[in-house]
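Participant: Generate coordinates for the sequence data below:
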Amino acid sequence: MKRLAAIAAALACGIAASPALAAPTTHAAARFVGIHKIRHIVVIMQENRSFDSYFGTYPGADGYPRVHGKIAVCVPDPTAGTCQRPYHDTANRNFGGPHDHLDAVDDIAGGAMNGFIRRAEAGRTMFCHKHINSPHCSLSPTAPDVMGYHNAREIPNYWAYARHFVLQDHMFQPDTSWSLPAHLFLVSGWSARCSQATVPASCVNAVQDPGSPPGEPQNRTSRPAASPTAPTMRCSVPPSRRGPARPGSGTPCRGSTRCGRTSS
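Facilitator: Residues are numbered from 1 along each chain as shown. A predicted model of the protein is given here:
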């Protein structure tokens, strides 16, 4: 799971304000001032990626810690009895590891950030043989690739976004969980289970299990099991065009979101 890339909100502001992508006419520009000149917001949400997986070696970003120019990270590998350092992974497809809430807690390991390989190797149980796509499971437990990272050679489009807009290297996802809770947080700042779909007061926090969308095998009704409240996240300041933001100086977050690095 590692720390996830938090470029979506920054790109939303950056792409929206880009003259090349959403330039208003001269007449329209005269009618709007400040933030109201932004006519479109585009949100790019990349699942199951950490900041370091995509931008750990980006120049100027707060990525992998280094000593004398070399990456100073080595995560324990219980199966091999050694530790594994981050490596450049040229594969376009990655298997990753389990990524539900409990896995995030064990990955982070109280701040030691050293549980990723251990959780990936443990991510294949009898349950996973039947439910391989469950966030509880790992697709490659015997040879986990969770320490691999990419750069501009594999993902030139993402690095181009970072060069031309804002790269938030200190943005944290507000929940440590899998896809559905993350999507609910994106639009509402909350992941919850509700006994009454239109009554927010009936909702309780559900960071791991907000319930399945209508039509899923676990919910064959037409009623959503989760009912988040009104959206609260929005971009507030046009982005800098000077490359990655310095720690603590990126585009502000409003509503229920928090500034910092992400994970999911």
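Participant: In the stretch 101-250 of the chain, what residue spans correspond to strands?
Facilitator: 148-149, 192-194, 203-205 (DSSP state E, counting those that start in this stretch).
Participant: quick one: strands adjacent to the second one?
Facilitator: I take that to be strand 192-194. Take DSSP bridges as the rule and strand 192-194 pairs in its sheet with strand 203-205 (antiparallel).
Participant: Would you indicate which residues of the strand it pairs with are buried?
Facilitator: Within strand 203-205, the residues scored as buried using 16 or more other CB atoms under 10 Å are C203. In short, each C-beta sits where N, CA and C put it, glycine included.
Participant: pLDDT on it, on average?
Facilitator: For strand 203-205, mean pLDDT is 92.
Participant: Next, format the strands of the stretch 101-250 of the chain as JSON lines and append distance to H131.
Facilitator: Formatted as JSON lines, the strands of the stretch 101-250 of the chain follow (distance: least, CB to CB, whole Å):
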{"stretch": "strand 148-149", "distance to H131": "25"}
{"stretch": "strand 192-194", "distance to H131": "21"}
{"stretch": "strand 203-205", "distance to H131": "25"}
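Participant: Setting the sequence-adjacent residues aside, check what's closest to L186.
Facilitator: Nearest non-adjacent residue to L186, counting by CB to CB, 6 or more residues apart in numbering: M45, 6.3 Å away.
Participant: residues near that neighbour, how many?
Facilitator: 15 (other CB atoms under 10 Å).
Participant: For F95, give me the pLDDT.
Facilitator: Reported pLDDT for F95: 85.
Participant: and if you look at the one 10 residues further on?
Facilitator: We note a pLDDT of 92 for V105 in this prediction.
Participant: same check, this time on Y87
Facilitator: 96.
Participant: Then A16?
Facilitator: Note on A16: pLDDT of 38.
Participant: need the helices for this structure, in chain order.
Facilitator: Applying DSSP state H to the chain gives helices spanning 8-17, 19-22, 26-31, 51-55, 101-108, 116-121, 126-130, 156-164, 179-188.
Participant: low pLDDT regions in the stretch 1-150 of the chain?
Facilitator: 1-30, 126-127, 129-130 (pLDDT under 70).
Participant: and with 80 instead?
Facilitator: Applying pLDDT under 80 to the stretch 1-150 of the chain flags residues 1-30, 42-48, 124-134, 136-142.
Participant: One more: the stretch 151-264 of the chain?
Facilitator: Filtered on pLDDT under 80, the stretch 151-264 of the chain yields the residue ranges 172-173, 197, 212-264.
Participant: try 50
Facilitator: By pLDDT under 50, the low-scoring segments of the stretch 151-264 of the chain are 227-264.
Participant: picking up where we left off before, phi and psi next, for the residue nearest to L186.
Facilitator: phi -110, psi 110 (degrees, to the nearest 10).
Participant: wait, it sits on F185?
Facilitator: No. Taking contacts as CB atoms under 8 Å, M45 lies outside contact range of F185: 10.7 Å.
Participant: and stretch 125-143, how far apart are its ends?
Facilitator: 15 Å (CA to CA, to the nearest Å).
Participant: List of residues touching it?
Facilitator: Contacting residues not belonging to stretch 125-143 are listed as 79, 95-100, 103, 119-124, 144, 177-179 [CB atoms under 8 Å, 6 or more residues apart in numbering].
Participant: All set now, cheers.
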